[in-house]
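**Q** A structural model of the following input is requested.
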Amino acid sequence: MRKQKIKLTVFEIFMILLVLVLSYPLLMIVNMSLQTDMEVTLSPLKLPQSARWQNYKEAFTQMNYLSSAWNSFVITMSSTVVGTILYCMASYAIVRAPRWKKFFRVIYVIFILGMILPAQSTLIPLVWAYSKLHLTGSYVGMDMLYVAGAAAFSIMLVTGFINTVPISLEESARLDGCTPYGIFFKIMFPLMKPIISTLIIINAINIWNDFYNPLFFLSGKSSKTITLAVYMFRGEHMTQWNILFAGLVLATLPMMILYFALQKYIIAGMASGAVKS
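**A** Predicted coordinates:
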């Protein structure tokens, strides 16, 4: 009993230290966002002499926060919602297809192989194709890019979850006269709540924080996302680091709120998706 308490105490101390280490970059960003430009240059790790909240007001105005956040919000939510529905339907077909099982297995393997291909290797052909199709600078083009880019990992995650759901539930509904679409949307889809929440938070954070795709596929100040708005500080304002760090804090707030709102589903969804029956 005493050994267990000692082990538990050591584990708790280790976890506290780990949290402090992982939180250190975020705390430093907040700290530097409240300093003057001179303090950031000379002593960035020290606490500010007086908190300069004016930095957040300047960052909010200079990065045109509402417009940039709205662009990021539209792209993130539309890509996440459309992608989640498509991933769930595709995964259900792969796992539960009554016919052509080998064909769907081949499709699944192709999706998994997509995780091996580096995203950077597709950049040049994508830029060329988007320019020919006139999709550059449009929300639709960005949605297509993000939905396709997250398909491999998302489908792998959802198929693992569906494999844990007993097929007897669907067979009972089928005997009662429920159509395949009814079985999916009325029975299977509600059961996917943990994995859907996991997909939403993972894909939403990845899309919201993405920098390279908006840089290459969006043009003009009116369509820039929140990450591009933060990046503009480096060139337009001679790298005012305190304003830039304030902009980083403002850029991360929406996703932090989303994460804390859905955090109770993340571990359950990841664990369920990792189990294969």
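
**Q** Now the residue nearest the centre of the chain. Its backbone dihedrals?
**A** Closest residue to the average C-alpha location of the chain: Ile205 at 2.6 Å, with C-alpha atoms, centre = their mean. The phi and psi values for Ile205, taken as degrees, to the nearest 10, are phi -70, psi -40.

**Q** Identify the spatial nearest neighbour of it, chain neighbours not counted.
**A** Leaving out its chain neighbours, the residue that sits closest to Ile205 by C-beta to C-beta, 6 or more residues apart in numbering is Met255, at 5.2 Å. The way it works is simple: take the backbone N, C-alpha and C, and place the C-beta from them, glycine included.

**Q** is it true that the residue nearest to the centre of the chain touches Tyr259?
**A** Yes. Counting by C-beta atoms under 8 Å, Ile205 touches Tyr259, with 7.1 Å between them.

**Q** shared neighbours of those two, anything?
**A** Counting by C-beta atoms under 8 Å, 6 or more residues apart in numbering, Ile205 and Tyr259 have no contacts in common.

**Q** helices or strands up against the helix or strand that contains Trp208?
**A** Using DSSP states H and E, Trp208 falls within helix 193-209. Counting contacts by 3 or more C-beta pairs under 8 Å, 6 or more residues apart in numbering; DSSP states H and E, helix 193-209 packs against helix 65-96, helix 151-162, helix 226-236, helix 241-274.

**Q** got the buried residues for it?
**A** Buried residues in helix 193-209, defined by neighbour count with 16 or more other C-beta atoms under 10 Å: 194-208.

**Q** one step back: can you say which of the helices and strands packed on helix 193-209 is packed in most?
**A** Neighbour counts (mean count of other C-beta atoms under 10 Å) averaged over each of these peak at helix 151-162, with a mean of 21.

**Q** Downstream of that helix, the next helix or strand is which one?
**A** Counting by DSSP H and E, the next helix or strand C-terminal to helix 151-162 is helix 168-175.

**Q** Contacts only, for Val82.
**A** Counting by C-beta under 8 Å, 6+ apart, Val82 touches 143, 147.

**Q** Report pLDDT for it.
**A** Here, the pLDDT recorded for Val82 equals 93.

**Q** now Leu22
**A** Looking at Leu22, its pLDDT reads 85.

**Q** count of neighbours near it?
**A** Counted with other C-beta atoms under 10 Å, the neighbours of Leu22 add up to 9.

**Q** How about Leu126?
**A** Neighbourhood size, Leu126 [other C-beta under 10 Å]: 18.

**Q** Use 3 as the first number for this chain going forward.
**A** Done: numbering now begins at 3, and the last item shifts to Leu128.

**Q** so after the helix or strand hosting it, what's the next helix or strand?
**A** Under DSSP H and E, the secondary-structure element containing Leu128 is helix 125-135. Later in the chain than helix 125-135, the nearest helix or strand by DSSP H and E is helix 141-151.

**Q** Give me the contact list for that next one.
**A** 76-77, 80-81, 84-85, 88, 121, 128, 132, 135, 137, 205, 209, 212, 215-216, 219-220.

**Q** ditto for stretch 105-117
**A** Stretch 105-117 has contacts (C-beta under 8 Å, 6+ apart) with 95-96, 99, 153-155, 157-158, 161.

**Q** and that stretch, which residues are buried?
**A** By neighbour count on 16+ other C-beta under 10 Å, the buried set for stretch 105-117 is 106, 109-110, 113, 116.

**Q** Is Ile228 in contact with Ala253, as I believe?
**A** Yes. Counting by C-beta under 8 Å, Ile228 touches Ala253, with 4.7 Å between them.
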